[in-house]
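*Asks:* Sharing a model prediction with you, sequence too.
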Amino acid sequence: MSTPLVVSEVRKSFTMHLRGGLVLPVVDNVSFSLKAGECAVLGGPSGVGKSSILKMLYGNYAIDAGQILIEHAGGFVDLATASPRAVIDIRRATLGYVSQFLRTLPRVAAIDVVAEPLIARGEAAETARDKAAELLSRLNLPEALWRLPPATFSGGEQQRVNIARGFITDHRILLLDEPTASLDAVNRAVVVEMIEARKQAGTALLGIFHDDDVRARVADRIIDVSAFSARKDAAA
Amino acid sequence: MTAEQPLLKVSNLSRFYGGRIGCLDVSFDLWPGEVLAIVGESGSGKTTLLNCVSSRLQAQAGRVEYRMRDGRLRALSDMGEAERRFLMRTDWGFVHQNPADGLRMTVSAGANVGERLMAVGARHYGHIRETAVDWLQRVEINTDRVDDPPRAFSGGMRQRLQIARNLVTAPRLVFMDEPTGGLDVSVQARLLDLLRGLVSDLGLAVILVTHDLAVARLLSHRMMVMKDGRVIEAGLTDRVLDDPREPYTQLLVSSILQV
């Protein structure tokens, strides 16, 4: 079985120049890998660095040391040293991310927000919209909302738009930052089914789930982030 | 990754105003379809850099090379004035902050758009008008305004007309200097959305100067932060905004008002 993501010896700290150069260590020596078809869950108490790890893996946070190897376009690319242009290409083709909050764009309809990643990969707009509609209806988003920009949607409605956007493509690696946090039980169950389908299809998933029930149902294993936390050293 | 090559190569570009630095030793490549934001506060050198790259201003050191439609990379300094002007009128666009700087305020909206077309050799009146009307629609200007001069337009409409005038010749590279500056927030949102759609539909490469980090986040892939004429930080837009490394970038990002 292939291993599309290998993280080795990653270290991350923040230097707060506006606070006199205060250094906040986040994590150190983060090493794990992710196999195709498995869902690993980042575990540990809040503030331990789980979201930070996802942001590093997606390229939003730079890292101080280590490697983030991603299987992309027939080889492995180190995301930590890749050019911005390469990171964008990796995000388009290989690496998906469902963030906790939707960054809304003025005037863009929910259905187009969802369809966009597929269109960016060269799919015809009409086909992409059909697929977006299918996902939104599966996630029980009322059809009356599809043509509206999601800025005014409730938290749960925005989150479902975000999930649909993340699941519309067949990215080989998918990062999930609390995708079920503001969903009701019915929609949580839909998301669990969608995650299971992606595992069957061979996607490697890495997520943060605070909901014990969801975590128990999707997780193949837990990666304990406390083991990597650099903050306990800082306190000592 | 494809075998694409950069559209624009900027190497060690410098410009001084007397003893003062305008921009110093700036180098970057721009690829087809890529949107690069240049951010920094007033006086940081971003407009100087934009003007030097677009050869509206003469740089005193360094080199700007552009890949012509035939695939050859040419140094702009090796081109004659006429060739450079032709490039600027056809394959490049320049969207000014003040639409009056990029439009002819006394001729009709249709003529403003048609004029750029004539620069690339269009002569058939019916065809020029048809294309102009089509572009006015794409930038959401009512076609019954085609014969009105931009003087009779609101600020947002003027800016959209300026964009149509620039894009009608299907340029591959567009320079934008604070394109949403000075507009009401609601007008700005509409313009941003329009620009975003056009840039991705047409696969435009854009160099965007803005002091508004939210605009940069929405439109750009990559970002350069300037201070005192120098590029102090550069990278993926998300990375620069979510994890700024340099003290000055941290100050800029922490100064954004939350709503």
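*Replies:* Great, that's in hand. Residues are numbered from 1 along each chain as shown, chains lettered A, B, ... in the order given.

*Asks:* Please make it C-alpha for all contacts and neighbour counts, starting now.
*Replies:* OK.

*Asks:* And the helices in the stretch 101-250 of chain B?
*Replies:* The residue ranges that make up the helices of the stretch 101-250 of chain B, judged by DSSP state H, counting those that start in this stretch, are B:109-119, B:125-138, B:155-167, B:185-202, B:213-219, B:237-242, B:247-254.

*Asks:* Any idea which of those helices gets closest to B:Asp101?
*Replies:* Counting by Cα to Cα, B:Asp101 lies closest to helix B:155-167 out of the helices of the stretch 101-250 of chain B; the figure is 9.3 Å.

*Asks:* tilt between the closest one and helix B:125-138?
*Replies:* Between the axis of helix B:155-167 and that of helix B:125-138 there is an angle of 130 degrees, by axes from the mean of the first three to the mean of the last three Cα atoms, to 10 degrees.

*Asks:* any residues touching helix B:155-167, and which ones?
*Replies:* Counting contacts by Cα atoms under 8 Å, 6 or more residues apart in numbering or on different chains, the residues outside helix B:155-167 that touch it are B:92-95, B:98-99, B:102-103, B:109, B:112-114, B:116, B:135-136, B:138-141, B:150, B:179, B:183, B:187-188, B:191.

*Asks:* Spit out the contact partners of B:Gln60.
*Replies:* B:Gln60 is in contact with B:13-16, counting by Cα under 8 Å, 6+ apart.

*Asks:* tell me which parts of chain A are close to chain B?
*Replies:* Along chain A, the residues adjacent to chain B under the rule Cα under 8 Å from any Cα of the partner chain are A:15-18, A:59-62, A:73, A:83-86, A:88-89, A:105-108.

*Asks:* okay, now A:Lys55: neighbour count?
*Replies:* The number of residues packed around A:Lys55, counting by other Cα atoms under 10 Å in any protein chain shown, is 21.

*Asks:* by contact count, what packs against the helix or strand harbouring it?
*Replies:* Using DSSP states H and E, A:Lys55 falls within helix A:50-58. For helix A:50-58, the helices and strands in contact under the criterion 3 or more Cα pairs under 8 Å, 6 or more residues apart in numbering or on different chains; DSSP states H and E are strand A:173-177.

*Asks:* which strands and helices sit next to the strand it packs on?
*Replies:* Strand A:173-177 packs on helix A:50-58, strand A:95-98, strand A:204-208, going by 3+ Cα pairs under 8 Å, 6+ apart.

*Asks:* Residues contacting the helix or strand that comes right after the second one, please?
*Replies:* Towards the C-terminus, the helix or strand next in line after strand A:95-98, according to DSSP H and E, is helix A:110-120. Outside of helix A:110-120, the residues within contact range by Cα under 8 Å, 6+ apart are A:92, A:125, A:128-129, A:131-133, A:136, A:145-150, A:161-162, A:164-166, A:168-169.

*Asks:* which of the helices and strands packed on strand A:173-177 is buried the deepest?
*Replies:* Relative to the other members of the helices and strands packed on strand A:173-177, strand A:204-208 carries the highest mean neighbour count by mean count of other Cα atoms under 10 Å in any protein chain shown, namely a mean of 25.

*Asks:* What mean pLDDT does it get?
*Replies:* Average pLDDT, strand A:204-208: 97.

*Asks:* pLDDT weak spots in chain A?
*Replies:* A:1, A:232-236 (pLDDT under 70).

*Asks:* tell me, how many neighbours does B:Asn51 end up with?
*Replies:* Residues within reach of B:Asn51, counting by other Cα under 10 Å, total 17.

*Asks:* Which residue comes closest to it once chain neighbours are left out?
*Replies:* On the basis of Cα to Cα, 6 or more residues apart in numbering or on different chains, the spatially nearest residue to B:Asn51 that is not a chain neighbour turns out to be B:Leu57, at 5.2 Å.

*Asks:* Count the residues that sit near the one you found.
*Replies:* Here the neighbour count serves as a burial measure; for B:Leu57 (other Cα under 10 Å) it reads 13.

*Asks:* got it, and A:Leu102?
*Replies:* By other Cα under 10 Å, 18 other residues sit near A:Leu102.

*Asks:* Look up how far chain B lies from it.
*Replies:* From A:Leu102 over to chain B the distance is 13 Å, taken as Cα to the nearest Cα, to the nearest Å.

*Asks:* For that residue, give me its contacts.
*Replies:* Listed by Cα under 8 Å, 6+ apart, the contact set of A:Leu102 reads A:158-159, A:161-162.

*Asks:* and if we set it to 10 Å?
*Replies:* Listed by Cα atoms under 10 Å, 6 or more residues apart in numbering or on different chains, the contact partners of A:Leu102 are A:113, A:150-151, A:155, A:158-163, A:165.

*Asks:* residue boundaries of the strands in the chain?
*Replies:* In the absence of a named chain, chain A is used. In chain A, strands defined by DSSP state E lie at A:5-16, A:22-34, A:39-43, A:65-72, A:75-78, A:95-98, A:173-177, A:204-208, A:221-224, listed in chain order.

*Asks:* if you could check chain B rather than the one you did, that'd help
*Replies:* For chain B, the strands identified by DSSP E occupy B:8-17, B:20-30, B:35-39, B:61-67, B:73-75, B:92-95, B:173-177, B:205-209, B:222-227, B:230-236, in order along the chain.

*Asks:* Over in chain B, which residue gets nearest chain A? Let me know.
*Replies:* Of all residues in chain B, B:Arg239 sits closest to chain A, with a separation of 4.3 Å (Cα to the nearest Cα).

*Asks:* Please list all residues in contact with that residue.
*Replies:* Taking Cα under 10 Å, 6+ apart as the definition of contact, the neighbours of B:Arg239 are A:55-56, A:58-62, A:84, B:222-223, B:245.

*Asks:* Is there proximity between the worst-scoring helix or strand of chain B on mean pLDDT and chain A?
*Replies:* For chain B, using mean pLDDT, DSSP states H and E, the weakest element among its helices and strands is helix B:185-202, scoring a mean of 86. Yes. Part of helix B:185-202 sits near chain A under the criterion Cα under 10 Å from any Cα of the partner chain, namely B:186, B:188-194, B:197, B:200-201.

*Asks:* so which of these is the most crowded?
*Replies:* Using other Cα under 10 Å as the neighbour test, these are led by B:Leu191, with 23 neighbours.

*Asks:* So what's the gap between stretch A:183-195 and the chain middle?
*Replies:* 16 Å (Cα atoms, centre = their mean, to the nearest Å).

*Asks:* can you list the residues that contact that stretch?
*Replies:* By Cα under 10 Å, 6+ apart, the list of residues contacting stretch A:183-195 from outside reads A:38-39, A:135, A:138-141, A:155-157, A:159-160, A:163-164, A:167, A:174, A:176, A:179-182, A:196-201, A:203, A:205, A:211, A:213-215, A:217-219.

*Asks:* Turn the contacts of B:Arg239 into CSV, including distance to A:Glu9.
*Replies:* Compiled in CSV, the contacts of B:Arg239 are given as follows (distance: Cα to Cα, whole Å):
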residue, distance to A:Glu9
A:Lys55, 16
A:Met56, 13
A:Tyr58, 17
A:Gly59, 16
A:Asn60, 18
A:Tyr61, 16
A:Ala62, 14
A:Pro84, 22
B:Arg222, 27
B:Met223, 28
B:Arg245, 21
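
*Asks:* Pick out whichever of these sits closest to B:Val209.
*Replies:* The shortest gap between B:Val209 and any of those belongs to B:Met223, at 9.9 Å (Cα to Cα).

*Asks:* Spit out the contact partners of that closest one.
*Replies:* Neighbour list for B:Met223: A:84, B:35-39, B:207-209, B:213, B:216-217, B:233-241 [criterion: Cα under 10 Å, 6+ apart].
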